[in-house]
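>>> Predicted structure and sequence below. I'll ask about it afterward.
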Amino acid sequence: MEERNYRKRRRSSAWTVITIVVILFAIGLLLWGGIEPKDRKEMEIKVHSVLQTMSSQETPMPQETPTEIPIPWNLIIVNREHPIPEDWKVEPVELHNGQTVDARIYDPLMEMFEAARSINLDRLPNVESGYRSEEKQQQLYDEKRKEFLQQGYAESDATALTEKWVSVPGTSEHQLGIAVDISGEVYDIYAWLQENSYKYGFILRYTADKTAITGVAPEEWHYRYVGVEASTEIYQQGLCLEEYLDRLRNPHQSERS
C-alpha cells in the first residue's frame with residue numbers, strides 16, 4: 001500500500017514539473033523575441049533554479065525498518081544480561097528419579113540416555129538437576145554464598161564467586177526446564193556426552209574455553225537442549241550458544257570473519 005501511494009505521489013509530482021516546464025516554455029516563446037540576448041542567460045538560470053527546487057521536493061522512497069530475527073524457544077538465551085522472559089511457560093514431565101524437565105525435551109533426552117547405556121554399565125544416566133523454580137534457584141544461590149562467607153571471603157568476593165557457580169535467580173537455564181545436570185555410573189559418561197550429545201540436540205553449555213563469553217565456570221555435567229540443527233553447528237564449529245546466536249543475527253559479519 002505504501003509503495004502504491006508513493007508511486008501516485010511520484011506521478012503527481014512529475015506532472016506538476018511537466019506543467020511548469022510547458023508554461024515556462026510557452027512564456028519563453030512569447031517573450032523570447034522581445035528579450036535582449038544579454039537577458040536570456042538570466043532567464044535560463046531562473047528556469048533551471050525552479051526545476052531544481054521542484055525536483056528536491058519529491059517524496060523520497062520510505063526506508064524499510066529492519067526486523068529482528070525471531071528466536072525459537074529452543075534457542076532462547078538466558079544469562080546475566082538476558083533474564084527469563086515473563087511469558088515463559090514450562091510443561092513439567094517427571095523422570096524416574098523425581099526430577100522434572102520440560103515436556104518438549106523429554107523424548108530427545110530419553111533417546112540420548114538410551115544410546116548412552118553401553119558406556120554407562122547398561123544403565124540410564126541420571127538427571128541430577130532438571131527444572132528449578134524461582135524459589136529453588138534462590139535457595140541454591142543463598143546456600144552457595146553462605147558457604148563462601150563461612151570460608152572467610154568478603155561479601156563482595158563471596159557474591160562474585162557464587163555467581164560463577166550458581167546463576168542469579170531469574171537468569172538460570174534450569175528455570176527454563178530445557179537444561180539438565182547429568183551424572184552416570186562411570187566417569188566416562190562425560191566423554192561420551194561431549195562427543196555424542198549434539199546428535200540428540202544437546203550441547204555442553206559451559207566449557208572452559210568460553211567462560212569469558214558465558215560468564216559461567218566450566219560445568220562438564222550441564223547440558224542444554226537447542227535442537228539438532230543448532231547443536232550440530234555449535235559442535236562442529238566449536239561455538240558456545242552466545243556465539244551461535246550472534247552469527248544468526250549478523251550472518252554477513254560471520255562470513256567476513
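Structure's in. What do you need? Numbers count the residues shown, from 1 in each chain.
>>> And the helices in the stretch 1-150 of the chain?
Ranges of helices within the stretch 1-150 of the chain are 2-32, 37-56, 103-115, 134-150, based on DSSP state H, counting those that start in this stretch.
>>> which one of these has the lowest average pLDDT?
Comparing mean pLDDT across the helices of the stretch 1-150 of the chain, the weakest is helix 2-32, with a mean of 51.
>>> so how far is residue 86 from residue 179?
19 Å (C-beta to C-beta, to the nearest Å). Placement of C-beta: from N, CA and C, glycine included.
>>> I figured residue 131 was touching residue 88, is that so?
No: assessed by C-beta atoms under 8 Å, residue 131 is found out of contact with residue 88, at 11.5 Å.
>>> quick one: common contacting residues for the two?
Overlap of the contact sets of residue 131 and residue 88 (by C-beta atoms under 8 Å, 6 or more residues apart in numbering) consists of residue 176.
>>> Would you mind telling me which of the two has the busier surroundings?
Between residue 131 and residue 88, counted using other C-beta atoms under 10 Å, residue 131 has the larger neighbour count: 22 against 14.
>>> Residue 179 and residue 86 - which one has more neighbours?
Remark: of residue 179 and residue 86, residue 179 carries more neighbours, 25 against 5, as counted by other C-beta under 10 Å.
>>> With adjacent residues omitted, what lies nearest to the more buried one?
residue 173 (3.8 Å; C-beta to C-beta, 6 or more residues apart in numbering).
>>> That neighbour contacts residue 82, correct?
No: Residue 173 is not in contact with residue 82 according to C-beta under 8 Å; the separation is 10.7 Å.
>>> Thanks a lot, see you next time.
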